[in-house]
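J.: quick one, structure for this:
(2 chains)
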There are 2 protein chains.
Amino acid sequence: MKTTLYVALLLAAGLNATYAADAPSLSAWRSGASKQAIEKWVSEATQPGKNFIPVSQRYVVFDNDGTLWPEAPLTFQLQFMIDEIKRLAPQHPEWQQDPLVNAAIDNDLKKVMQGGKKGLMQLLTLTHSNITTDEFAQRVSNWVATQRHPRFGCRYDQLGYQPMRQLLDYLRANGFKTWIVSGGGIDFMRVLAEKMYDIPPEQVIGSFSLSAFSLSQNGTQMVKTMNGAFYDDEAAKPVAIHLFMGHRPVAAFGNSDGDVPMLQYTSGNPAVKAFGLLVHHTDSVREYAYDVHPPASGKLVNGLSLALRYGWTVVDTAKEWKTIFDPALCAYAGPESRQEKAN
Amino acid sequence: MKTTLYVALLLAAGLNATYAADAPSLSAWRSGASKQAIEKWVSEATQPGKNFIPVSQRYVVFDNDGTLWPEAPLTFQLQFMIDEIKRLAPQHPEWQQDPLVNAAIDNDLKKVMQGGKKGLMQLLTLTHSNITTDEFAQRVSNWVATQRHPRFGCRYDQLGYQPMRQLLDYLRANGFKTWIVSGGGIDFMRVLAEKMYDIPPEQVIGSFSLSAFSLSQNGTQMVKTMNGAFYDDEAAKPVAIHLFMGHRPVAAFGNSDGDVPMLQYTSGNPAVKAFGLLVHHTDSVREYAYDVHPPASGKLVNGLSLALRYGWTVVDTAKEWKTIFDPALCAYAGPESRQEKAN
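T.: Modelled structure (predicted):
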């Protein structure tokens, strides 16, 4: 009976061991302060002790642009918007007189940006509204399937940062629920988040506007509009977290000053020893280097000075990230590695 | 070795059997058309065959007022609002001239309702804004701990419908993710949904407005406002489902015409054989009987006629619900069973 039990226990243990054997590593992180801080915090949060965090509270939030995928030279969604303007313009003669449309078609990004928030909303209206949510998702899928990032030469869905992708897996393996909280459009990101990050649609929070529901010949339809537009950045991020998630996070990961309020909200969580992290892009060879003068979305200036006060971890991507992208997906590791387009 | 393996398998099976032994029953449902329809649909959805639904698509949505808990004579939240007006009025001399406030204090519900949507928003502003979200949650908790339903004599959190509570467990045991989609306030319901229904805050969708985030002496604060108020009823329900959940449901459960668009959206799901159910309140002895002339929130008129066309299940609560409330929580089963207040 002893042998029987032993084998039985081995087998039973094996059921769990399968999981342990697959436990995600942080192999794309070099040994250093950031990796050490992450592992220490997770270890304390998941083991008995004064910093233990019950599983029911393990909600963690990640910015997306610049934190999980690149945001330069343009955010993926702005690139999608411009590519869609170009694709759709021939079907819309009424757009021909629109200087903003023409700037987009001419790749005159400076002029596009000079339109400010109003101009951006105008171009978003042309590409992100008056179509069904299903059609929009299809357009995003088509775009991803056919376009490549101008610098890295890879499809956009191959460009998740490998160290951050591993971090998501690592946190989930330790019982954390991973959420995205991004300035990116909620409908845009949801098309990609499940495949790229294993994050289901309901755990993706982003900028949004309200759709319109109606009955249709085929049953029902949901049409994208610009009504009630909510821009999920800065102080709006904690607001959106409260609205969608309804929990105060125990860890927050970002890369720009627009993420600071979300990190402050997290660090202020009175129930736990929270964790904050800022990705500082320092690698101009393998990716981009920026903070004060960002190529696209957000600066990282206040965040760096506040990191000291709040005890946030600041990642030096040049030094601490062994790889930027998963080499199995995108071999780019600097100009010399640039793979020419297959087509 | 054969014996060893056999024991090992028995033990391994035992790990799963624990779950099977605890599998929730629908014991509060009488045998009948509704219980049969539910069990048939779940059985087909979870077993190989043409109606099988992958676990990744098993999202189901429940209205709350009148579907999971009573909505008469007032919805719980309106009762909370009125009780809060009464509690707070002495601290607010500036309210004394307000006829709506006075109507609430005098229990003159007719007059309160005559104020229409504008009047309601006015009273909600007094009780649901200009306080932190933490303070609001505390007020709801205090109210629930101290107040009892005027007819049933039980605390409000003891009044979940037992058959529906069992249905939630039963669906979850079969791999479905259960969500609330209600006209009730999202911050109000989230205080109660986890305890009453085992539904975590992020799976509760309701009427909402945007909070305001700021730094404070203690760290940060989130204050409730009435900005961007979204009333989650009628056609807004599918809109909110798309926004918060990002999946099209495979089953929807409601009780009034306000739930019809959500059921239509669900029934129109092209990927699955969806399920729709309407609770028809027919039991004036143990609870309430209404459809054309409801005591409070919503009529059930269009829903009943559309049920035939869409194949929705209509529950006759008098005939099909063995119990209304869990007798261990609230013994009310008609006027003769009325338990007097303990205090």
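J.: give me the neighbour count for A:Phe176.
T.: A:Phe176 has 22 neighbouring residues, counting by other Cβ atoms under 10 Å in any protein chain shown. Yep, even glycine has a C-beta here, placed from its N, CA and C like the rest.
J.: surely A:Lys40 is within a helix?
T.: Yes - membership of A:Lys40 in a helix is supported by DSSP: H, G, I helix; E, B strand; the rest coil.
J.: per-residue pLDDT, it?
T.: On pLDDT, A:Lys40 comes in at 98.
J.: cool, A:Asn343 as well?
T.: The model reports A:Asn343 with a pLDDT of 38.
J.: state the distance from A:Arg155 to B:Tyr161.
T.: Shown here: A:Arg155 relative to B:Tyr161, a distance of 50 Å by Cβ to Cβ, to the nearest Å.
J.: what do you get for A:Gln79?
T.: Between A:Gln79 and B:Tyr161 the distance is 50 Å, computed by Cβ to Cβ.
J.: ok, these two, which is more surrounded?
T.: Per other Cβ under 10 Å, whichever of A:Gln79 and B:Tyr161 has more neighbours is B:Tyr161, with 22 against 18.
J.: and the more buried one, what is it in contact with?
T.: By Cβ atoms under 8 Å, 6 or more residues apart in numbering or on different chains, the residues touching B:Tyr161 are B:Thr67, B:Leu68, B:Trp69, B:Pro70, B:Val279, B:Trp321, B:Ile324, B:Phe325.
J.: if it is in a bridge, with which residues?
T.: Assessed by DSSP bridges, B:Tyr161 has beta-bridge partners B:Phe325.
J.: ditto for A:Ala251
T.: Beta-bridge partners for A:Ala251, by DSSP bridges, are A:Val60, A:Phe275.
J.: that one against A:Ala274, yeah?
T.: Yes - using Cβ atoms under 8 Å, A:Ala251 makes contact with A:Ala274 at a distance of 6.2 Å.
J.: spit out the residues that contact these two alike.
T.: A:Thr266.
J.: and chain A, split by domain according to the record?
T.: A:24-71+A:159-337, A:76-146 (automatic domain parsing).
J.: tell me the helices in chain A, going along the chain?
T.: Ranges of helices in chain A, per DSSP state H, are A:2-21, A:33-46, A:76-88, A:99-105, A:109-114, A:116-128, A:133-146, A:162-173, A:186-197, A:236-240, A:260-267, A:302-310, A:317-320.
J.: gap between the shortest one and the chain center?
T.: Relative to its parent chain, helix A:317-320 has a centroid offset of 19 Å by Cα atoms, centre = their mean, to the nearest Å.
J.: how about the contacts made by the residue sitting nearest the centre point of chain A?
T.: Nearest to the centroid of the C-alpha atoms of chain A, with distances taken as Cα atoms, centre = their mean, sits A:Asn64, at 2.0 Å. By Cβ under 8 Å, 6+ apart, the residues touching A:Asn64 are A:Ile180, A:Ser182, A:Gly184, A:Met189, A:Gly206.
J.: what are the phi and psi values at the nearest residue to the second one once chain neighbours are set aside?
T.: Think A:Ser182. Nearest non-adjacent residue to A:Ser182, counting by Cβ to Cβ, 6 or more residues apart in numbering or on different chains: A:Asn64, 3.6 Å away. In this entry, A:Asn64 is assigned phi and psi values of phi -110, psi -70 (degrees, to the nearest 10).
J.: in chain A, which strand is the longest?
T.: Criterion DSSP state E: the longest strand present in chain A is strand A:177-185.
J.: quick one: strands adjacent to that strand?
T.: strand A:59-62 (parallel), strand A:204-207 (parallel).
J.: contacting residues for the residue lying closest to A:Thr67 once chain neighbours are set aside?
T.: Among residues not flanking A:Thr67 along the chain, A:Asn255 sits closest, at 4.6 Å (Cβ to Cβ, 6+ apart). Counting by Cβ under 8 Å, 6+ apart, A:Asn255 makes contact with A:Asp63, A:Gly66, A:Thr67, A:Leu278, A:Val279, A:His280, A:His281, A:Gly298, A:Leu300.
J.: number of nearby residues for the second one?
T.: Pointing back at A:Gly66 there. A:Gly66 has 27 neighbours, counted by other Cβ under 10 Å.
J.: what's the closest non-adjacent residue to it?
T.: Closest residue in space to A:Gly66, ignoring its immediate chain neighbours: A:Asn255 at 4.1 Å, by Cβ to Cβ, 6+ apart.
J.: measure the one you found to chain B for me?
T.: Going from A:Asn255 to chain B by Cβ to the nearest Cβ, to the nearest Å gives 20 Å.
J.: the residue nearest to A:Thr220 when sequence neighbours are not counted: neighbour count?
T.: Closest residue in space to A:Thr220, ignoring its immediate chain neighbours: B:Gly268 at 4.3 Å, by Cβ to Cβ, 6+ apart. B:Gly268 has 17 neighbours, counted by other Cβ under 10 Å.
J.: mind listing what the closest residue to A:Asn218 other than its chain neighbours touches?
T.: In space, and not counting its chain neighbours, A:Asn218 is closest to B:Gly268: 7.5 Å by Cβ to Cβ, 6+ apart. By Cβ under 8 Å, 6+ apart, B:Gly268 lies in contact with A:Asn218, A:Gly219, A:Thr220, B:Ala274.
J.: hmm, which of those residues is lowest in pLDDT?
T.: The member of the contacts of B:Gly268 with the lowest pLDDT is A:Asn218, at 79.
J.: tell me how far that residue lies from B:Met189.
T.: 33 Å.
J.: what about these two, which has more around it?
T.: Taking other Cβ under 10 Å, A:Asn218 and B:Met189 do not tie; B:Met189 has more neighbours (28 against 8).
J.: hmm, back to that, using CSV, lay out the domains of chain A together with distance to B:Ser34.
T.: Compiled in CSV, the domains of chain A are given as follows (distance: least, Cβ to Cβ, whole Å):
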stretch, distance to B:Ser34
domain A:24-71+A:159-337, 24
domain A:76-146, 32
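J.: buried set for stretch A:26-46?
T.: Neighbour-count burial for stretch A:26-46, counted by 16 or more other Cβ atoms under 10 Å in any protein chain shown, picks out A:Leu26, A:Ala28, A:Trp29, A:Ser34, A:Lys35, A:Ala37, A:Ile38, A:Trp41, A:Val42, A:Glu44, A:Ala45, A:Thr46.
J.: any weak-confidence spans in the stretch 1-150 of chain A?
T.: By pLDDT under 70, the low-scoring segments of the stretch 1-150 of chain A are A:1-22.
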